[in-house]
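Undergrad: build me a structure from this.
(chains A and B)
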There are 2 protein chains.
Amino acid sequence: NVLRLGNVVPDFTADTTMGPIKWHEWIDGCWAILFSHPADFTPVCTTEIGRMSLKYQYLADKGVKVAALSCNELGEHQAWLDDVVAHCENKITVDFPIIADPTREIAVAYGMIDPELKDAEGLPLTCRSVFIVGPDKKLKLSLNYPASVGRNMDEIVRVVDALLLSAEKSVATPANWPNNHADQGMKGWVFLLPTVTKEDATAYFPEHKTCQVPSGKEYLRLTPVESAAVVPEASAAAE
Amino acid sequence: NVLRLGNVVPDFTADTTMGPIKWHEWIDGCWAILFSHPADFTPVCTTEIGRMSLKYQYLADKGVKVAALSCNELGEHQAWLDDVVAHCENKITVDFPIIADPTREIAVAYGMIDPELKDAEGLPLTCRSVFIVGPDKKLKLSLNYPASVGRNMDEIVRVVDALLLSAEKSVATPANWPNNHADQGMKGWVFLLPTVTKEDATAYFPEHKTCQVPSGKEYLRLTPVESAAVVPEASAAAE
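TA: Numbers count the residues shown, from 1 in each chain, chains lettered A, B, ... in the order given. Got it, this is the predicted structure:
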């Protein structure tokens, strides 16, 4: 199975630590994050669930749903969560569901299986995948990290902020945003989409600045994020 | 085409801004990063090449090779690089090759095509993919960001450091490493692999600490990164 940006993500039903879930129905027009871990009762995964818990309220406040997944049984998930909370010095609560996928049905449908990773019975396990899904149920961004490398939940929050911003306004976020263009006095500014015409740029982004480059092309147009606007005619294109 | 963690990445020959390249031969037993951008002369891509240039020497010093790619012609790459350098206030040099893939042959083989993204002629473009390849030519980690969201080159450097560490020692990196476990006085410590036995943990990792959790399972074993060791018998497993 292949899952590419722009594809509608597969639907499924499953048991979770917060009750049964029907995935598409549960997304319900929101942004959603589905992230897999190799196995319960393993160290890196424990810290990942803990770190995501620290970010959960921020994401929920933005209307973003979160669900974790591994190939463990539901009972293992439930017992493991006590360890996760304890390892975080009992300072967190895990307020998002963890999906049980012991049949590997979802893992296979999403291509999350790591062929080099097996459990004690020789059954395949999931790698550290992240699927960020839009309200249209299409895949917007994906990550695949191996079992040995824990993900960076700050980066996941950063890309969610960027995805939401570019979905709402006619802008795209520079590399390392919001830590960009500080040297030029434009820290955190964002680019106008190339599809915004010169006339619309002037009308909709009165504060924007165009950076001059040797080609003479005027594509490096930056605006403060606070005054980012939506231009009805500007659709997504190469950015 | 599907490219999963653990797969040998497709070989190819191509023209680049630094001469012709034969991919597998060029990797030559090193770690390598192949990262695609949607198009030359577009703003986000300009900042990504600039930001990668700032990280390049650090990566090269660790023996990591870097190549960028888009579906533009070689001549466009070459002209665009003047803009990239100028936008970085002429403070950088771009010391890694940018691959020209106007036929989309490589983009298709690697599954980098974003079906929602087209150029002025209606031809498909690449999304912001990252493939981190090991010395065995197998895919170790991948990212797919949409055109509207610039990547974070600091995160790419972080995962390279984590991949190299876990390839060399019998450890795995916690979520957000090296910004982990600061509260518990173990900032930047790493986990012993679950496959390291209790006896080997004592012998090879004399400074390690085991965190107690309600399950009573002893899987949360942390060691300072400076004293991370390699245990011959410990192979990769769920972490």
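Undergrad: I'd say A:Leu125 and A:Leu117 touch.
TA: Yes. The pair A:Leu125 / A:Leu117 is scored as a contact, 4.4 Å apart, by C-beta atoms under 8 Å. In short, each C-beta sits where N, CA and C put it, glycine included.
Undergrad: could you chop chain A up by domain?
TA: A:13-152, A:171-227 (automatic domain parsing).
Undergrad: export the ones you listed to a markdown table and append columns for mean neighbour count and distance to chain B.
TA: Putting these into a markdown table (neighbours: other C-beta atoms under 10 Å in any protein chain shown; distance: least, C-beta to the nearest C-beta, whole Å) gives the following:
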| stretch | mean neighbour count | distance to chain B |
| --- | --- | --- |
| domain A:13-152 | 19 | 4 |
| domain A:171-227 | 18 | 4 |
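Undergrad: need these in CSV (columns: mean pLDDT).
TA: Below are these laid out as CSV (pLDDT from 0 to 100):
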stretch, mean pLDDT
domain A:13-152, 96
domain A:171-227, 97
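Undergrad: want to throw these into CSV with distance to B:His37?
TA: As requested, the domains of chain A are arranged in CSV below (distance: least, C-beta to C-beta, whole Å):
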stretch, distance to B:His37
domain A:13-152, 15
domain A:171-227, 10
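Undergrad: tell me which of those domains sits nearest to B:Cys88.
TA: domain A:171-227 (8.8 Å; C-beta to C-beta).
Undergrad: what's the offset of the closest one from the middle of its chain?
TA: 24 Å (C-alpha atoms, centre = their mean, to the nearest Å).
Undergrad: first-to-last residue distance for that domain?
TA: 11 Å (C-alpha to C-alpha, to the nearest Å).
Undergrad: do the same with stretch A:89-97
TA: Start-to-end, stretch A:89-97 (C-alpha to C-alpha) is 21 Å.
Undergrad: now do that stretch: everything it contacts.
TA: A:16-19, A:21, A:49-50, A:52-54, A:56-57, A:60, A:65-68, A:81, A:84-85, B:183-184 (C-beta atoms under 8 Å, 6 or more residues apart in numbering or on different chains).
Undergrad: which ones among those residues lie within helices?
TA: A:49-50, A:52-54, A:56-57, A:60, A:81, A:84-85 (DSSP state H).
Undergrad: export those residues to TSV and tack on distance to A:Glu73?
TA: Putting these into TSV (distance: C-beta to C-beta, whole Å) gives the following:
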residue	distance to A:Glu73
A:Ile49	16
A:Gly50	21
A:Met52	21
A:Ser53	21
A:Leu54	26
A:Tyr56	23
A:Gln57	28
A:Ala60	27
A:Leu81	13
A:Val84	16
A:Val85	19
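Undergrad: A helix includes A:Thr195, no?
TA: No. Assignment of A:Thr195 by DSSP: H, G, I helix; E, B strand; the rest coil gives coil, placing it outside any helix.
Undergrad: quick one, phi psi at it?
TA: phi -80, psi -10 (degrees, to the nearest 10).
Undergrad: how close does the closest residue to it other than its chain neighbours sit to A:Leu163?
TA: If the residues on either side of it in the chain are set aside, A:Thr195 comes closest to A:Ala234, at 4.3 Å by C-beta to C-beta, 6 or more residues apart in numbering or on different chains. The gap separating A:Ala234 from A:Leu163 is 17 Å, by C-beta to C-beta, to the nearest Å.
Undergrad: repeat for A:Thr93
TA: 26 Å.
Undergrad: how about the strands in chain A?
TA: A:13-16, A:21-22, A:31-36, A:64-70, A:98-100, A:113-118, A:124-126, A:128-133, A:139-145, A:171-172, A:190-192, A:209-210, A:221-223 (DSSP state E).
Undergrad: and of those strands, who's closest to A:Gly6?
TA: Taking those one by one with C-beta to C-beta, strand A:139-145 is closest: 6.7 Å.
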